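[1] Give me coordinates for this.
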Amino acid sequence: MPYATPAPVTTRQPTQIRRLLQERLDTLARAHQVPGAQLALHTGGVTYAVHTGVADAATEEPVGSGTAVPLGSVTKVYTAAVVMLLVADGDVSLTDPVGTYVPELARLPRTTVRQLLSHTAGLPTGPDSDDAAALTPARYLSGHATATVCPPGSGFSYSNAGYVAAGRLIEEVTGMSWQEAVRAFLLEPLGTAPAFLTDAVPARPVARGHSANALTGRVRPVQQTLAPVEAPAGALLASALDLVALGRVLTGEGPRTVLTEEDAAEMRRPVPGAHPGVLADAWGLGLALFQDGGRQWCGHDGNAQGTSCFLRAEPDGGDVVAFTSNANSGTALWHELADELDRIAGVRVPPAPGPRDGAPVRALPQCAGTYRNGTVDYRVTADEQGSLALSVNGDSPAPLVCHPDLSCDLVDPATGRRVPGGRFLRDPDTGAIDRLQISGRMARRTDIG
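    Below you'll find the predicted structure:
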């Protein structure tokens, strides 16, 4: 894809770039109460890697360049890449029904492998990890992935259940466990030392997640709660340097034993119907797609218990940026740091979505109702003035600020800060508001005929 404008050029020397990256990472980690973080940047044929702080606030073990951090949903990129390798070998076709490989989904004959990897299969998000803790993949999928929230290919709904199914596909086709397949097909060729949340004794240094409270200044370690069955959706640990190795594969620069340029381009191709709302501009096969002028970036965000990780890769210029942190406040650190990479190293990362400009329309009482995605209930209420609030599974409601196009921002009750939340959608035949897409997950209204 041609550039709309030339890429920024920096005249700084590599040693100066690395020093500035280190200074900003150190400063921002302290400002955002992040115990430990890593940043790796590959640009102009040079890879810069910096890290700061501790892997565990309780033990004060330092973060190193090889410390592995729970990646959360960035794991899905690895899972999708393994499926793509099976496609390249002729063992799987992206147009095949998922039920060809996953017996529990044989009741969904119109759902394809491509839709599964791009969150357009219409599958619900899946149950809470606590409820899934004792489930096998077969029981999980039979109980939580047979009723769709929208017809396959008709819309985007982010789904952990879809990646449990992708892991099941890998196991059925290869005869290996998901963990064994990821290790053999992807991690070892990339030179990434394997680390999984299920490891009783990690084979490499790992970071612990933390909860940072901005009001009290307290930072405390937290436990990972991902259910074993959810491993293909979020069980990997890796460093920022490991993520750069993966990102270079996604740009077509990585080892040819992993993905060819053609296979990487297939993963980056926007899938029809994949409109992820606030998550990204489009979606490919396991990849969020971000548009910045004439440049398309790909990558994924991941949040585990007390960790925040990000990957961005741009195939035209070959730039790759990876960030890991071991605190829930790491997301804010990433956004601030990413905004400065252009100034420091001439690498412009697509900015995070912000609240909409212009005057909102607060009074939209017709949006009030109950919306459901699998086991998750979203209740939208309206007060006497028609202003909306959103409650998830009975939690305390948070205000919603809506706009004329039915997009909406969530409002933090404590700070009043607005963040993009999602959008309401209308039935194309009746015009009635019948769906809510919130944080990429589609929920169908249950209180209308």
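
[2] in the top helix by length along the chain, what's buried?
    Looking across the chain with DSSP state H, the single longest helix is helix 14-31. Neighbour counts using 16 or more other CB atoms under 10 Å place 17-18, 20-22, 24-25, 28-29 of helix 14-31 among the buried residues. Using the backbone N, CA and C atoms, a C-beta is placed for each residue, glycine as well.

[3] Kindly report the same for stretch 302-319.
    For stretch 302-319, by 16+ other CB under 10 Å, it's 302-315, 317-319.

[4] and what of stretch 181-197?
    Here stretch 181-197 shows 181-183, 185-187, 189-190, 192-197 as buried, counting by 16+ other CB under 10 Å.

[5] Mind listing residues that contact stretch 342-360?
    Identification of contacts with stretch 342-360 by CB atoms under 8 Å, 6 or more residues apart in numbering yields 7-10, 12, 17, 20-21, 24, 41, 43, 48, 278, 290-292, 297, 312, 319, 321, 335, 338-339, 341, 401-403, 407, 409, 418-420.

[6] Filter these down to the ones in strands?
    Among these, the members found in strands (DSSP state E) are 41, 43, 48, 290-292, 297, 312, 319, 321, 401-402, 407, 409, 418-420.

[7] tally of neighbours for the nearest residue to Leu41 once chain neighbours are set aside?
    Nearest non-adjacent residue to Leu41, counting by CB to CB, 6 or more residues apart in numbering: Tyr48, 4.7 Å away. Tyr48: 21 surrounding residues under other CB atoms under 10 Å.

[8] Distance-wise, check Tyr48 relative to Gln38.
    11 Å (CB to CB, to the nearest Å).

[9] who's in contact with Thr192?
    Here Thr192 is in contact with 186, 238, 242, 245-246 (CB under 8 Å, 6+ apart).

[10] looking at it, Arg417 is touching Val411, isn't it?
    Yes - applying CB atoms under 8 Å, one finds Arg417 in contact with Val411, separated by 7.2 Å.

[11] So for those two, which residue has more residues nearby?
    Val411 (19 against 11).

[12] Please name the nearest non-neighbouring residue to the more buried one.
    Pro399 (4.0 Å).

[13] what about that neighbour, which SS state?
    Put simply, Pro399 is strand when judged by DSSP: H, G, I helix; E, B strand; the rest coil.

[14] Check it and give its pLDDT.
    Per-residue confidence (pLDDT) for Pro399: 91.

[15] Run a quick neighbour tally on it.
    Neighbours around Pro399, by other CB under 10 Å: 18.

[16] sorry, back to before: ok, of the contacts of stretch 342-360, which come out buried?
    For the contacts of stretch 342-360, buried by 16+ other CB under 10 Å: 7, 10, 17, 20-21, 24, 41, 43, 48, 278, 290, 297, 312, 319, 321, 335, 338, 341, 401-403, 407, 409, 418, 420.

[17] Which residue ranges of the stretch 101-250 of the chain form strands?
    210-212, 219-221, 237-238 (DSSP state E, counting those that start in this stretch).

[18] Among these, single out whichever gets nearest to Pro97.
    Pro97 lies closest to strand 237-238 among the strands of the stretch 101-250 of the chain, at 32.2 Å (CB to CB).

[19] In its sheet, which strands sit next to that closest one, and in what direction?
    strand 69-70 (antiparallel) (DSSP bridges).

[20] how about the following helix or strand past the strand it pairs with as PDB, C-alpha atoms only?
    Under the assignment DSSP states H and E, the closest C-terminal helix or strand after strand 69-70 is helix 75-88. Extracted C-alpha coordinates of helix 75-88, given in PDB (Å, rounded to 0.1, in the frame of the first residue of the first chain):
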ATOM      1  CA  THR A  75      -1.800 -15.000  22.400                       C
ATOM      2  CA  LYS A  76      -4.600 -15.100  19.700                       C
ATOM      3  CA  VAL A  77      -2.100 -13.900  17.100                       C
ATOM      4  CA  TYR A  78       0.100 -16.900  17.700                       C
ATOM      5  CA  THR A  79      -2.900 -19.200  17.600                       C
ATOM      6  CA  ALA A  80      -4.100 -17.700  14.300                       C
ATOM      7  CA  ALA A  81      -0.600 -18.000  12.800                       C
ATOM      8  CA  VAL A  82      -0.500 -21.700  13.700                       C
ATOM      9  CA  VAL A  83      -3.800 -22.200  11.900                       C
ATOM     10  CA  MET A  84      -2.400 -20.300   8.900                       C
ATOM     11  CA  LEU A  85       0.600 -22.600   8.800                       C
ATOM     12  CA  LEU A  86      -1.800 -25.600   8.600                       C
ATOM     13  CA  VAL A  87      -3.600 -23.800   5.700                       C
ATOM     14  CA  ALA A  88      -0.300 -23.300   4.000                       C
END
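
[21] Now do helix 75-88, average pLDDT.
    98.

[22] ditto for stretch 123-133
    Here the average pLDDT along stretch 123-133 is 93.

[23] what does stretch 355-366 give?
    71.

[24] And the strands of the stretch 101-250 of the chain: which comes nearest Ala147?
    Comparing those by CB to CB, strand 237-238 comes nearest, at 32.7 Å.

[25] Outside of that closest one itself, which residues are in contact with it?
    68-71, 74, 192, 195-197, 202, 206-207, 246, 324.

[26] Quick check on those residues: which are buried?
    Buried among the contacts of strand 237-238 (16+ other CB under 10 Å): 68-71, 74, 192, 195-197, 206-207, 246, 324.

[27] Do I have it right that Arg426 meets Ile433?
    Yes - between Arg426 and Ile433 there is a contact under CB under 8 Å: 5.6 Å.

[28] which neighbours do these two share?
    Leu406.

[29] so which of the strands of the stretch 101-250 of the chain gets nearest Gly167?
    Proximity to Gly167 (CB to CB) singles out strand 237-238 among the strands of the stretch 101-250 of the chain, at 16.6 Å.

[30] quick one, what contacts Cys367?
    So Cys367 contacts 380, 382, 388, 402, 406, 424, 433, 436 (CB under 8 Å, 6+ apart).

[31] Setting aside sequence neighbours, what's the nearest residue to it?
    Phe424 is the one closest to Cys367 (CB to CB, 6+ apart), at 5.1 Å.

[32] what pairs with the one you found across the strands?
    Leu436.

[33] quick one on the thing from earlier: dump the contacts of Thr192 into a markdown table; add pLDDT and distance to Ala145 as well.
    Listed next are those as a markdown table, based on pLDDT from 0 to 100; distance: CB to CB, whole Å:
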| residue | pLDDT | distance to Ala145 |
| --- | --- | --- |
| Leu186 | 97 | 24 |
| Ala238 | 98 | 27 |
| Asp242 | 98 | 30 |
| Ala245 | 97 | 32 |
| Leu246 | 97 | 27 |
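
[34] Serialize the residues you listed to JSON lines and add fields for distance to Glu171.
    Shown next, in JSON lines, are the contacts of Thr192 (distance: CB to CB, whole Å):
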{"residue": "Leu186", "distance to Glu171": "15"}
{"residue": "Ala238", "distance to Glu171": "21"}
{"residue": "Asp242", "distance to Glu171": "23"}
{"residue": "Ala245", "distance to Glu171": "25"}
{"residue": "Leu246", "distance to Glu171": "21"}
